[in-house]
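[1] The following block contains a protein sequence and its predicted model.
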Amino acid sequence: MTEVAIRDAAAIESVVARAAAGDEAAFARLVTEHHPSMARVAYAITGDAESAADAVQIAWATAWRRLRSLRDAGTVRAWLVAIAANEARQVVRRQRRRTIVDLSKVAELAHGSDPGDRILVADLARALRSLDPDERSLLALRFAAGLDSTQIAEQLGLSASGVRSRLSRLIERLRLDLDHA
Amino acid sequence: MHEPLTFESRLADAYERYLAPAPVTVDARAIAAAATASARRASVRQFARSPILARLALAAALLLGLAVGLVAFGGLLDNRQLQMQPTQTATPSASMATAGPITNGPLFMVVPAGDGTAQYMTVYPDRNGIAASLPIAGWPEGCPTISPDGRSLAFIGIADGRNPRDLIVTAADGTSPRTLWSGDFSSSSFHQVVWSADSGTVAATLAQPVGTVIGKRDAGRGELVGIGGGEFPGSIALSPDGRLLAMIDSGAPAGGIAVNNLEDNSGRTIAVAGNVRAIAWSPDGESLAYIAASGIEANDADVYIVRLDGSDVRSLDQGSPGNETHLAWSPDGRLLAVTNDTGYVQIFDATGAKASRINTTDGQLTWAPDSRSILVAIRYLLSNRTAERIDLATGVVTQVAGATGFYAQCPVSWGAVVK
């Protein structure tokens, strides 16, 4: 069954409100709408599809439990991807495995693309391995989910300036690392 | 003419194009159904029309769920002797030596109420279960953990519905809350709450900023010590008398376990080889058991014991397949239980000799206070989160069906009755 994407603010608010009230069909619409974003963020942190799927499953259960605490339905996407990021971080910590991306898969995925991109992606995968789950999470929320510093800050309970400076340091570290690769 | 791409935009492009999972067909209704399954009891309440009916319906649902589980749980007071015969026993800690006979008390677990709050469940060996609300707003952060003497519960939550989050200690039934410390327990982090074996000291980790809050149960307030921070089970451990805090020293270049004296703020690192992943203090306070692998990414974690002065490092099962994942000493100090991610738990005696191996699911370990059974919490199973009880005398593994819904990340607390 194909669900229609939830477009306008009133519709989003209505779906979130119904899901928060226990409407499983409304909750399923949220799943349809936001599962891909959550999976993308979780994968960018865990580095393997199976762990990412575990993390997103747990994230949906967490979301169901806490949906009533969401104050602004308009932030539901940021809220959900932040939950997915948090669960992915915990999965990484529990598994104690730091593999971000299987390099052979990256090379395969990057095949046929611009050679400069292939080098960047392969080196990026290596550089990401050196980051802890908190740092990967921050980068994933920024680049995999496309959240800005203010949105990330709201979800993580940090100041926007703090998020900006941490992201800036992280990006600079990656740039230097990749420059020396 | 195109502007040259900035590094940041190339990074965004790499995430977009390559650091993404392969597209899969999502069965939204199945995912939603699985996510909501753990809150079925709450849906019963939603159908009820009045507060009285709601309470009756919830109580009926809880009792029904518990009835099945407690059939298995009824054997918790089984006093059969352990068949394993360790060649040497550890000296019990002073606090344990002076305590009276210990029998198994209730299980404690937190289950979702379905409305964003949590029910705190106390399940007694006599097959009576009591559900109560925790005195906080919303869901507790971190692991709600019962003290070894079964008298107190510690957890992190929001006492007044607003930030900051608090380290709260209550009576074992969730009443009489006291806030030991208020501060920035970030909601984006997962916190560990651990007790000392003498139940006098509780420690809770902060991730942002990194630190650990130490609270004395009988003192008014806790304090923040600027050391440590561990978000995963086994990353910190209090010595049996609560004087020393051990934690994985992630800053040590060659691996190590940091041991900090909480009385004089002195600290040192026990240098051990490899990437340390979990630690557990022996009940005699003289040594630490730990899980370490050859490197951060290695899948060859094994279990070791080291004395506090760094001497006498013993490998208990080097070269075993898979990763050792969780470890816990029995309350009587005689046995060490260790889970392996290929699906079994091993029991070692205090000399490090292997006493038994039992196939079970990999998960958080909880010893029965009488040291004769173990609970292993099953992780990641969204719709069927549960625990398995292993009777060490017989090796029989029984599913504790009444335990659905507790934190997958936390062990179930198993309270003691000290006479």
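    It's in. Numbers count the residues shown, from 1 in each chain, chains lettered A, B, ... in the order given.
[2] just checking, next helix/strand downstream of the longest helix seen in chain A?
    Longest helix of chain A, by residue count under DSSP state H: helix A:24-46. Sequence order places helix A:49-66 as the next helix or strand after helix A:24-46, per DSSP states H and E.
[3] what about that following helix, average pLDDT?
    On average, the pLDDT along helix A:49-66 is 84.
[4] so where do the helices sit in chain B?
    All helices of chain B, identified by DSSP H, fall at B:7-17, B:28-37, B:40-47, B:51-73, B:94-98.
[5] Do the longest helix of chain A and chain B come into contact?
    Yes. For helix A:24-46, a contact with chain B is found by CB under 8 Å from any CB of the partner chain, at A:24-25, A:27-32, A:35-36, A:39-40, A:43-44. In this view, the C-beta of every residue, glycine as well, is placed from N, C-alpha and C.
[6] need the contact list for B:D362.
    Residues counted as contacts of B:D362 (CB atoms under 8 Å, 6 or more residues apart in numbering or on different chains) are B:T325, B:H326, B:T339, B:N340, B:D341, B:T342, B:G343, B:V376, B:R379.
[7] hey, where'd the strands end up in the stretch 101-250 of chain B?
    Here the stretch 101-250 of chain B has its strands, by DSSP state E, counting those that start in this stretch, at B:102-112, B:118-123, B:129-133, B:137-146, B:152-158, B:165-171, B:178-183, B:193-195, B:201-207, B:210-216, B:223-225, B:236-238, B:244-248.
[8] Which one of the ones you listed lies nearest to chain A?
    Closest to chain A of the strands of the stretch 101-250 of chain B is strand B:102-112 (CB to the nearest CB; 4.9 Å).
[9] Dig out what B:V193 forms beta bridges with.
    Here B:V193 sits in beta bridges with B:A204, going by DSSP bridges.
[10] Next one: it from B:A172, what distance?
    B:V193 is 15 Å from B:A172, where distance means CB to CB, to the nearest Å.
[11] Compare these two (neighbour count), which wins?
    With neighbours defined as other CB atoms under 10 Å in any protein chain shown, B:V193 and B:A172 compare such that B:V193 has more, 25 against 20.
[12] now the more buried one: how far from B:A204?
    Computed as CB to CB, the B:V193 to B:A204 distance reads 5 Å.
[13] Pass me the low-pLDDT residue ranges in chain A, would you?
    Low-confidence segments of chain A, defined by pLDDT under 70: A:1-7, A:93-122, A:179-181.
[14] same thing but 50
    Scanning chain A for pLDDT under 50 picks out the ranges A:1-4, A:96-112.
[15] Spatially central, which residue of chain A would that be?
    Among the residues of chain A, the one closest to the centroid is A:V41, at 2.3 Å (CA atoms, centre = their mean).
[16] That residue touches A:V81, doesn't it?
    Yes. A:V41 lies in contact with A:V81 (CB atoms under 8 Å); the separation is 4.9 Å.
[17] Overlap of the contact sets of the two?
    Common neighbours of A:V41 and A:V81 (CB under 8 Å, 6+ apart) are A:L141, A:A145.
[18] before we move on, back to that, make CSV from the strands of the stretch 101-250 of chain B and add mean pLDDT to it.
    Converted to CSV, the strands of the stretch 101-250 of chain B look like this (pLDDT from 0 to 100):
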stretch, mean pLDDT
strand B:102-112, 70
strand B:118-123, 65
strand B:129-133, 66
strand B:137-146, 70
strand B:152-158, 84
strand B:165-171, 85
strand B:178-183, 86
strand B:193-195, 90
strand B:201-207, 84
strand B:210-216, 84
strand B:223-225, 77
strand B:236-238, 91
strand B:244-248, 90
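[19] Low-confidence ranges, the stretch 251-400 of chain B, go.
    Residue ranges of the stretch 251-400 of chain B with pLDDT under 50: B:379-385.
[20] mind listing the strands for it?
    Applying DSSP E, counting those that start in this stretch to the stretch 251-400 of chain B gives strands spanning B:257-261, B:267-270, B:275-281, B:287-293, B:302-307, B:314-315, B:324-329, B:335-340, B:344-349, B:354-359, B:365-367, B:373-377, B:387-391, B:397-400.
[21] nearest to chain A, of those?
    In terms of CB to the nearest CB, the element of these nearest to chain A is strand B:275-281, at 4.9 Å.
[22] Run a quick neighbour tally on A:S69.
    Neighbour count for A:S69, taken as other CB under 10 Å: 14.
[23] now A:R66
    Neighbours of A:R66 using other CB under 10 Å come to 17.
[24] That one and B:W329: what is the separation?
    Counting by CB to CB, the gap from A:R66 to B:W329 is 35 Å.
[25] Run through the helices of chain A in chain order.
    All helices of chain A, identified by DSSP H, fall at A:9-20, A:24-46, A:49-66, A:76-95, A:103-110, A:115-129, A:133-139, A:149-156, A:160-179.
[26] same for the first one, what does it pack against?
    Translated: helix A:9-20. In this structure, helix A:9-20 makes packing contacts with helix A:24-46, judged by 3 or more CB pairs under 8 Å, 6 or more residues apart in numbering or on different chains; DSSP states H and E.
[27] packing partners for the helix it packs on?
    Packing contacts for helix A:24-46, counted by 3+ CB pairs under 8 Å, 6+ apart, involve helix A:9-20, helix A:49-66, helix A:76-95, helix A:133-139, helix B:28-37.
[28] got the CA positions of the longest one in PDB?
    Coordinates of each C-alpha in helix A:76-95 appear next as PDB, following Å, rounded to 0.1, in the frame of the first residue of the first chain:
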ATOM      1  CA  VAL A  76       8.600  15.500  14.400                       C
ATOM      2  CA  ARG A  77      11.200  14.600  11.700                       C
ATOM      3  CA  ALA A  78      14.100  16.100  13.700                       C
ATOM      4  CA  TRP A  79      12.800  14.500  16.800                       C
ATOM      5  CA  LEU A  80      12.600  11.000  15.200                       C
ATOM      6  CA  VAL A  81      16.000  11.100  13.500                       C
ATOM      7  CA  ALA A  82      17.500  12.300  16.800                       C
ATOM      8  CA  ILE A  83      16.000   9.200  18.500                       C
ATOM      9  CA  ALA A  84      17.300   7.000  15.700                       C
ATOM     10  CA  ALA A  85      20.800   8.600  16.100                       C
ATOM     11  CA  ASN A  86      20.700   8.000  19.900                       C
ATOM     12  CA  GLU A  87      19.700   4.300  19.500                       C
ATOM     13  CA  ALA A  88      22.400   3.900  16.800                       C
ATOM     14  CA  ARG A  89      25.000   5.300  19.100                       C
ATOM     15  CA  GLN A  90      24.000   2.900  21.800                       C
ATOM     16  CA  VAL A  91      24.100   0.000  19.400                       C
ATOM     17  CA  VAL A  92      27.600   0.900  18.400                       C
ATOM     18  CA  ARG A  93      28.600   1.200  22.000                       C
ATOM     19  CA  ARG A  94      27.100  -2.100  23.000                       C
ATOM     20  CA  GLN A  95      28.600  -3.900  20.000                       C
END
